[in-house]
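Student: the sequence and its predicted three-dimensional model are supplied below.
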Amino acid sequence: MNVSLLVEHIPIVSTNLSTISQHPGHPTHLTCDVTAVPVPAVSWYSLGSPLNPTMIKSRGDLSISIKDYKDGRMTSSLLFHNVTPASYGGYSCNATNTEGQASVIIQLVQPLTGSGR
């Protein structure tokens, strides 16, 4: 017999990579791990303007995925189907539940090109 006890708590949001590097014209994804009870609402924001972050919604070249919520954990990804120069910048993965909210910032940057020696 397995017994599981889930204690309600504010979300904990983390990422393995806080900076992702990708060339224009290629796909990439930003990923955050969320631990929270009860189930949190997860949203992504573009931090183009620090005073006015913009909520991201799935559209043709950009989509948001959430892998199943189990035992208080889930993974959310922001998928870029085709990185453009306008894609570069900071993004925030936010999780909110009845206990509170938390977020993590991930940077999407253009890889450095070789310098002419």
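Tutor: On my side now, so go ahead.
Student: now the residue nearest the centre of the chain: how far from K70?
Tutor: Compute the mean C-alpha point of the chain, and by C-alpha atoms, centre = their mean the closest residue is C93, 3.9 Å away. Counting by C-beta to C-beta, to the nearest Å, the gap between C93 and K70 amounts to 18 Å. Backbone N, C-alpha and C define where each C-beta goes, glycine included.
Student: and P85, backbone torsions?
Tutor: Here the main-chain torsion angles of P85 (degrees, to the nearest 10) amount to phi -60, psi -30.
Student: model confidence score at it, please.
Tutor: Reported pLDDT at P85 in the predicted model: 94.
Student: list the contacts for it?
Tutor: Contact analysis of P85 by C-beta atoms under 8 Å, 6 or more residues apart in numbering lists P24, Q110.
Student: how many other residues sit next to Y91?
Tutor: The number of residues packed around Y91, counting by other C-beta atoms under 10 Å, is 22.
Student: and it, what's its pLDDT?
Tutor: Taken from the predicted model, the pLDDT recorded for Y91 is 97.
Student: pretty sure it is touching V109, no?
Tutor: No: contact status for Y91 versus V109: not in contact, 11.3 Å apart, counting by C-beta atoms under 8 Å.
Student: how far away is P11 from T75?
Tutor: 13 Å.
Student: pick out whichever of the two has more residues nearby.
Tutor: Neighbours were counted for P11 and for T75 using other C-beta under 10 Å; P11 has more, 23 against 15.
Student: so, low pLDDT: which residues of the chain?
Tutor: For the chain, residues meeting the criterion pLDDT under 70 lie at 50, 114-117.
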